[in-house]
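[1] take a look and give me a structure for this.
(one chain, ligands or ions: 2)
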Amino acid sequence: MKTEKEPTTLTSASNEELVAELLQRIGEDPKREGLLRTPERYAKALKFLTKGYDEDPETVLNGALFTVTYDEMVIVKDIEMFSLCEHHLLPFFGKVHIAYIPNGKVIGLSKLPRLVEVFARRLQVQERLTTEIAQTIERVIEPLGVGVIIEARHLCMMMRGVEKQHSSTVTSAMLGAFRAPQTREEFLSLVRNSKTNGF
Ligand SMILES: Nc1nc2c(ncn2[C@@H]2O[C@H](COP(=O)(O)OP(=O)(O)OP(=O)(O)O)[C@@H](O)[C@H]2O)c(=O)[nH]1
Ligand SMILES: [Zn+2]
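    Ligands and ions are numbered 1, 2, ... in the order given. Okay, the predicted model is just below:
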């Protein structure tokens with residue numbers, strides 16, 4: 001998938017060579033001992049941090065769908081999330097809370113954190129990450145409703161720019177039954193009561 005998006009004007013330099021050049025451009029000596037393997041390490045780290053481009057979210061969910069008669073809310077909360085903001089390539093990180101009301105099918109629980117990984121391991125804005133998770137669940141299992149809340153802190157606002165250390169950003173996507181105030185409130189109160197949400 002990634003290769004299809006690559007422009008045809010790429011230089012022939014490898015990622016490692018580009019990182020070595022970058023080190024030089026910021027005034028470092030890529031030949032000094034501590035930096036010798038840094039281009040290789042960074043290229044490897046970047047590949048991991050963007051591995052979501054090579055993964056298909058629907059395949060992740062389709063691997064574990066079960067027919068179960070259960071029509072109450074299912075919540076998986078406090079899913080740790082690490083992503084990279086697409087504007088600065090700096091991390092944003094926090095917790096994802098996912099809830100849905102099944103309509104005949106439930107998803108294997110571990111697949112929800114896996115779904116978060118698929119979208120978080122791409123260059124993102126928090127709003128799109130939130131929506132993509134919710135829309136994929138809606139598309140794959142057609143539940144009565146789905147809600148996703150993300151609470152995150154952005155290093156681009158903390159270690160540079162406005163340099164605000166204590167602000168966090170909360171985004172939500174509420175689809176189907178979760179648009180009804182009562183359902184939405186039930187989800188919000190269950191998330192609010194989480195003892196671990198002081199990330
Ligand atoms: N809505 C949204 N904005 C984000 C996210 N991550 C980073 N941003 C913002 O993207 C904006 C980019 O604004 P610009 O003015 O183009 O960039 P900038 O000069 O680096 O902005 P400052 O961060 O204010 O210094 C900033 O306001 C960031 O805070 C995100 O997930 N969602
Ligand atoms: Zn940013």
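
[2] does ligand 2 sit close to the top helix by length along the chain?
    The helix that spans the most residues within the chain, counting by DSSP state H, is helix 126-141. No - contact between helix 126-141 and ligand 2 is absent, the nearest approach being 9.8 Å (criterion: Cβ under 5 Å from the ion). Bear in mind the C-beta positions are built from the backbone N, C-alpha and C, glycine included.

[3] contacts for that helix?
    57-58, 61-62, 65, 81, 83, 92, 96, 98, 100, 102-103, 105-107, 112, 115-116, 119-120, 143, 146-150, 152, 154, 169, 171-176 (Cβ atoms under 8 Å, 6 or more residues apart in numbering).

[4] end to end, how far does stretch 55-66 reach?
    Using Cα to Cα, to the nearest Å, one end of stretch 55-66 lies 22 Å from the other.

[5] residues contacting that stretch, please?
    105-108, 110-111, 114-115, 117-119, 121, 132, 136-137, 139-141.

[6] please pick the buried ones from these.
    105-107, 111, 114-115, 117-119, 121, 132, 136-137, 140-141 (16 or more other Cβ atoms under 10 Å).

[7] restrict those residues to contacts with ligand 1.
    Near ligand 1, taking Cβ under 6 Å from any ligand atom as the test, no member of the buried ones among the contacts of stretch 55-66 is found.

[8] measure stretch 51-68 end to end?
    Stretch 51-68 end-to-end distance (Cα to Cα) = 32 Å.

[9] which helix or strand contains the closest residue to Leu109 other than its chain neighbours?
    Leaving out its chain neighbours, the residue that sits closest to Leu109 by Cβ to Cβ, 6 or more residues apart in numbering is Val76, at 6.1 Å. Assigned by DSSP states H and E, Val76 belongs to strand 74-85.
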